[in-house]
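Trainee: Got a sequence here, can you model it:
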Amino acid sequence: MKRFLAACGAAVLLLAGCTHTTPFTDDHYFRALGEKNEVVFTVDVEGAREILDAADGEGTLGGLDPILERSGRISLAMDPSAADGIPVFYGGIEGNFGKVVTDTALSFSGDFDKDESGAVPFYRSSSAGLDVKVPQSGLVLFSNDDIEKVYRKTYRERELFIPYDVSQRMAESLFGIYMEKPHDIGFLTDQIPEAMLLSMNSIWLVLNGVKDDYRVSGVLLLSTEQASRVLGTTLRLNYLKTIRKLEVPIEGWKEHIDEDGKTITLAGMYISNEEVYDLLSTVLDSI
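Mentor: Alright, predicted model coming up:
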């Protein structure tokens, strides 16, 4: 993904002219991401830029300013269970990208070759192992597997997976995560035992706040009340260990984790800078 952004960044250097914004103004593009076993990430690029820079241990994102400065939101879906260790991922970049000038820039970029062999023409970067298509101004689609499917599924014939109210919360946050029937989230957290994943129906989490005071909210929906009780207890014990290490105690921490039937609600849970940076770094390294 970093190689892809770098390649796009080089092409975007050629862009100038009118300002364009995402075509998804009444809905959210990323609602069409995320089938079973996939995890959906969406990032408010401007709001989370400090986090992205801090999480970028290799220091490569600084070279991607041309495309990051034109991006309002980057969203992707990833299946972390790939047998060969290379996850399949796809998504879209929303922002100041005019279709004609972006296509022209990609055509003249040495990193991309145009592929018109199928029903949906697109550009391929062999060095990055990714394909890209600009369906209209304000949106750039990408995939390391099947860009034609991504074009149909997330743009032309959209099938929505993420509930609207959840997508609203994700769009209003710095960073949002959504998973339906997750089977593998070990790369995100070790606080949920692997055996518990079999009882997990869905998870959505959002990150808000500022440095030294980042907070996580969201909902974990389980298939049984017993599983909810066990997981709720596990989360509270781990959270207590975390806040006991803080120099300044957090008041009302018990209210940050609420268990009601099959639903666990997280409301403003404290998360350290290091945990936030590690999470984003893991995502960046995975793709």
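Trainee: What's the separation between residue 117 and residue 225?
Mentor: As judged by C-beta to C-beta, to the nearest Å, residue 117 and residue 225 stand 53 Å apart. The C-beta positions use only the backbone N, C-alpha and C, and glycine is treated the same way.
Trainee: Equivalent analysis for residue 211, please.
Mentor: Applying C-beta to C-beta, the value for residue 211 to residue 225 is 38 Å.
Trainee: who has more neighbours, the two?
Mentor: residue 225 (13 against 10; other C-beta atoms under 10 Å).
Trainee: List the residues that contact the more buried one.
Mentor: 261-262 (C-beta atoms under 8 Å, 6 or more residues apart in numbering).
Trainee: now do residue 148
Mentor: 118-120, 122.
Trainee: just curious, which of those is nearest to residue 175?
Mentor: Nearest to residue 175, judged by C-beta to C-beta, of these is residue 122 at 28.0 Å.
Trainee: Any idea which helix or strand in the chain has the lowest mean pLDDT?
Mentor: helix 2-12 (a mean of 58; mean pLDDT, DSSP states H and E).
Trainee: ok so, going back, for the contacts of residue 148, work out which two are farthest apart.
Mentor: 119 and 122 (10.5 Å).
Trainee: Same drill for these two, tell me which one is more crowded.
Mentor: Comparing residue 119 with residue 122 by neighbour count (other C-beta under 10 Å), the higher total belongs to residue 122, at 24 against 8.
Trainee: quick one: that one and residue 147 touch, right?
Mentor: Yes - at 4.9 Å, residue 122 counts as touching residue 147 under the criterion of C-beta atoms under 8 Å.
Trainee: pLDDT below threshold where in the stretch 151-287 of the chain?
Mentor: Residues of the stretch 151-287 of the chain meeting the criterion pLDDT under 70: 183-195, 197, 285-287.
Trainee: quick one, strands of it?
Mentor: 175-180, 200-210, 213-222, 257-260, 263-271 (DSSP state E, counting those that start in this stretch).
Trainee: what's the most buried one of the ones you listed?
Mentor: Of the strands of the stretch 151-287 of the chain, the one with the most neighbours on average (mean count of other C-beta atoms under 10 Å) is strand 175-180, at a mean of 24.
Trainee: what's that one in contact with?
Mentor: By C-beta under 8 Å, 6+ apart, the surrounding residues in contact with strand 175-180 are 34-36, 38-44, 48, 51, 161-162, 166, 169-170, 185, 188, 201-207, 218, 280.
Trainee: Give me the angle between it and strand 200-210.
Mentor: Angle, strand 175-180 to strand 200-210, by axes from the mean of the first three to the mean of the last three C-alpha atoms, to 10 degrees: 180 degrees.
Trainee: low-scoring stretches of the stretch 1-150 of the chain, by residue?
Mentor: In the stretch 1-150 of the chain, residues with pLDDT under 70: 1-18, 56-66, 82-85.
Trainee: Could you rerun that using 50?
Mentor: Across the stretch 1-150 of the chain, the ranges flagged by pLDDT under 50 are 13.
Trainee: And the strands in it?
Mentor: Under DSSP E, counting those that start in this stretch, the stretch 1-150 of the chain gives strands at 39-44, 71-79, 88-95, 113-115, 122-125, 130-136, 139-143.
Trainee: re earlier: any residues in contact with both of residue 122 and residue 147?
Mentor: In contact with both residue 122 and residue 147: 131-133, using C-beta under 8 Å, 6+ apart.
Trainee: Now flag whichever of those residues is closest to residue 247.
Mentor: Among the shared contacts of residue 122 and residue 147, and counting by C-beta to C-beta, the member closest to residue 247 is residue 132, at 46.8 Å.
Trainee: contacting residues around that closest one?
Mentor: Taking C-beta under 8 Å, 6+ apart, one finds 4, 8, 106, 112, 122-125, 140-142, 147 in contact with residue 132.
Trainee: Same list, those, but as JSON lines with distance to residue 240 please.
Mentor: Compiled in JSON lines, the contacts of residue 132 are given as follows (distance: C-beta to C-beta, whole Å):
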{"residue": "4", "distance to residue 240": "41"}
{"residue": "8", "distance to residue 240": "44"}
{"residue": "106", "distance to residue 240": "51"}
{"residue": "112", "distance to residue 240": "51"}
{"residue": "122", "distance to residue 240": "50"}
{"residue": "123", "distance to residue 240": "51"}
{"residue": "124", "distance to residue 240": "50"}
{"residue": "125", "distance to residue 240": "47"}
{"residue": "140", "distance to residue 240": "44"}
{"residue": "141", "distance to residue 240": "44"}
{"residue": "142", "distance to residue 240": "41"}
{"residue": "147", "distance to residue 240": "46"}
